[in-house]
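>>> Need a 3D model of the following:
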Amino acid sequence: MPEQFEDRDLSDSVFWGVQLQRALVRDANLTGAQFFHTLWSDVSIDGVIDRLVVNGVDVTEFVNAHDRWFPLRTQLEPDTADALRSTWVVLQAEWAALLARASLLPSEAVLASVNGEWCLRDTLRHLLFAMDKWFCLPVLDELTYTSIGLPNTGSQGLDWPGLDPSADPTFDDVLAARQQQHEGFDDFIAQLDFADLPDTVEISENGQVPAVMCFHVVLEEEFEHLRYALRDLDALAATPDR
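You can find the predicted model right below:
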């Protein structure tokens, strides 16, 4: 029976003689991990590569040179407001291009799931939730979540004030809510100086975190789900009846 390990600290663990076929490792920190006498066949690795040695060969430079996302990957944890603004501009340009591409597909494509993943509409609904959780409530002091937002699976049973679990919004409804959120984010970061941020803020479910982390999470959410959405658009565009 497959097991699921979530939010576990397995640092310094030893896995000897284990079977990891088709294993999924997601949102994990593998710094310093070592793999010896292992079989790698049809393996996909996606993430920040900061020194990767395969069979004694350092392939870091090759991987990053051929990774279209490498420059943006390195800008997701800015340490100045100027760097934050710069990264945000790039992310929004990428999203605008994706949405323009999606508009060329049949209208039902935004509701189509690929391999059980969220459809484009629900991906954007999740980003509404993420922006509320990590920016609108803790930074802007708003009191409720956008009603049509969509929490991540592990958080859907929790109480999120204002959220409507039965919501079934149109794609245009989601785009309008996203635009409103982004206008608020744009206005805030336009005047932002990191020195003016409090040391920590309270995040529902996550507790006290450094205030700057709020902006880092917003960028990471936008980046990761952008790439998921592009992957699924590629699959939808390749489907003959689309």
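
>>> counting contacts, what elements does the longest helix along the chain pack onto?
Longest helix in the chain, counting residues (DSSP state H): helix 211-238. Helices and strands touching helix 211-238, as assessed by 3 or more CB pairs under 8 Å, 6 or more residues apart in numbering; DSSP states H and E, comprise helix 81-102, helix 120-131, strand 200-203. For the C-beta atoms, the positions are set from N, CA and C on the backbone; glycine is no exception.

>>> Point out the one among those that comes closest to Asp7.
With CB to CB, the closest approach to Asp7 among the helices and strands packed on helix 211-238 belongs to strand 200-203: 14.7 Å.

>>> So what are the sheet partners of that closest one and their directions?
Each strand pairing with strand 200-203, determined using DSSP bridges, is listed with its direction: strand 207-210 (antiparallel).

>>> Now the strand it pairs with: buried residues?
Burial within strand 207-210, assessed by neighbour count using 16 or more other CB atoms under 10 Å, is assigned to Val209.

>>> and that strand, how far out from the chain's middle?
Strand 207-210 has its C-alpha centroid displaced from the chain centroid by 19 Å (CA atoms, centre = their mean, to the nearest Å).

>>> most packed of the helices and strands packed on helix 211-238?
Highest mean neighbour count of the helices and strands packed on helix 211-238: helix 120-131, a mean of 22 (counted as mean count of other CB atoms under 10 Å).

>>> Send over that one as CSV, restricted to the C-alpha atoms.
Written as CSV, here are the backbone C-alpha positions of helix 120-131 (Å, rounded to 0.1, in the frame of the first residue of the first chain):
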residue,chain,number,x,y,z
LEU,A,120,-6.9,26.4,-15.5
ARG,A,121,-9.9,28.0,-13.9
ASP,A,122,-9.3,26.1,-10.6
THR,A,123,-5.5,26.8,-10.8
LEU,A,124,-6.4,30.5,-10.9
ARG,A,125,-8.9,30.0,-8.1
HIS,A,126,-6.1,28.5,-6.0
LEU,A,127,-4.0,31.6,-6.7
LEU,A,128,-6.8,33.8,-5.4
PHE,A,129,-6.7,31.8,-2.2
ALA,A,130,-2.9,32.0,-2.0
MET,A,131,-2.9,35.7,-2.5
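
>>> same for whatever helix or strand comes next after that helix, what does it pack against?
Next in sequence after helix 120-131, counting helices and strands by DSSP states H and E, comes helix 171-190. Based on contacts counted as 3+ CB pairs under 8 Å, 6+ apart, the elements that helix 171-190 packs against are helix 81-102, helix 120-131.

>>> Export these as TSV, with columns for mean pLDDT and distance to Pro210.
Listed next are the helices and strands packed on helix 171-190 as TSV, based on pLDDT from 0 to 100; distance: least, CB to CB, whole Å:
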stretch	mean pLDDT	distance to Pro210
helix 81-102	97	14
helix 120-131	98	17
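
>>> As a markdown table, those helices with distance to Asp234 would be great.
Written out in a markdown table, the entries for the helices and strands packed on helix 171-190 read as follows (distance: least, CB to CB, whole Å):
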| stretch | distance to Asp234 |
| --- | --- |
| helix 81-102 | 10 |
| helix 120-131 | 12 |
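
>>> Tell me which of those helices sits nearest to Leu52.
Ranking the helices and strands packed on helix 171-190 by proximity to Leu52 (CB to CB) places helix 81-102 first, at 23.8 Å.

>>> Tell me how many other residues surround Ala167.
Here the count is done by other CB atoms under 10 Å, and Ala167 has 14 residues near it.
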